[in-house]
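[1] Structural data only, the sequence is not supplied:
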């Protein structure tokens, strides 16, 4: 594993990272690709590459050693490792994963999002779009294109239809219902906090509780679950709501 900082090995990098900076680990088997991507982010004042790894083993070590907000992960490194994503997220629950893939299909795309990936991008993505993707995901959004939205919705419908006994509806407080409504309207945590007269951190804490109560993992699944189970009432269809939630 190569550590990218100007300090002695073993010294924390936190002192050199300004508050609010997005801390990133690059995980890619190709050194030349890591070098190119690092140069892209070196031009951005609010993004700092704290480490890079050329294998899943080294990525785990980097996550344990350096606090990180985003991991940009080469998709082929996940081949044959079905539980790799949940294992990485257990090491750092607040960390967000972006997978770079050469090509994606419906089953693979849906499975990645179900396991907790927050964005899937092409290996040929433009630098400007990649930087935008990282900032949006760091802010708590999901990066997903329209085709993938439809795939996820279809998979969720099939899963819901296959349930023999639906999950019992948990009790949700008025504030939790207000937050869910805001989510389905496409509002970000900052906007929700302003509307409800609280802080973004409070909204994040509420969302974690809501996810646990409903057995969902992110904003998109939360919206689809609430629409399917009629927890909220809206005239918008699933595709429209999903597009609002992910900001497409």
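    Thanks, I have the structure now. All values derive from a computational prediction rather than experimental measurement.
[2] List the contacts of the longest helix anywhere in the chain.
    As assigned by DSSP state H, the longest helix anywhere in the chain is helix 146-162. When contacts are defined by CB atoms under 8 Å, 6 or more residues apart in numbering, helix 146-162 is touched by residues 104, 106, 109-110, 113-114, 120, 144, 166, 220-221, 224-225, 228, 238-239, 242-243, 246, 248. (C-beta placed from N, C-alpha, C; glycine too.)
[3] for it, which positions count as buried?
    Within helix 146-162, the residues scored as buried using 16 or more other CB atoms under 10 Å are 148, 149, 151, 152, 153, 155, 156.
[4] So for it, mean pLDDT?
    In this model, helix 146-162 has a mean pLDDT of 73.
[5] Find out how far it is from the centre of the chain, if you would.
    From the chain centre to the centre of helix 146-162 is a distance of 18 Å (CA atoms, centre = their mean, to the nearest Å).
[6] So, low pLDDT: which residues of this structure?
    Scanning the chain for pLDDT under 70 picks out 1-16, 82, 159-169, 247-248.
[7] Show me how the protein divides into domains.
    The chain breaks down by automatic domain parsing into domains covering 2-147, 164-246.
[8] you'd agree residue 134 is up against residue 47?
    Yes. Proximity of residue 134 to residue 47 meets the contact threshold set by CB atoms under 8 Å, at 6.3 Å.
[9] any shared contact partners between these two?
    Shared contacts of residue 134 and residue 47 (CB under 8 Å, 6+ apart): 22, 24, 41.
[10] ok, now which ones touch the first one?
    Going by CB under 8 Å, 6+ apart, residue 22 touches 46, 47, 48, 69, 70, 134, 135, 138.
[11] and residue 68, how many residues sit next to it?
    Applying other CB atoms under 10 Å, we find 21 residues neighbouring residue 68.
[12] 125 is where my numbering starts, stick with that
    Fine by me, first position is 125 from now on; the one you just mentioned is residue 192.
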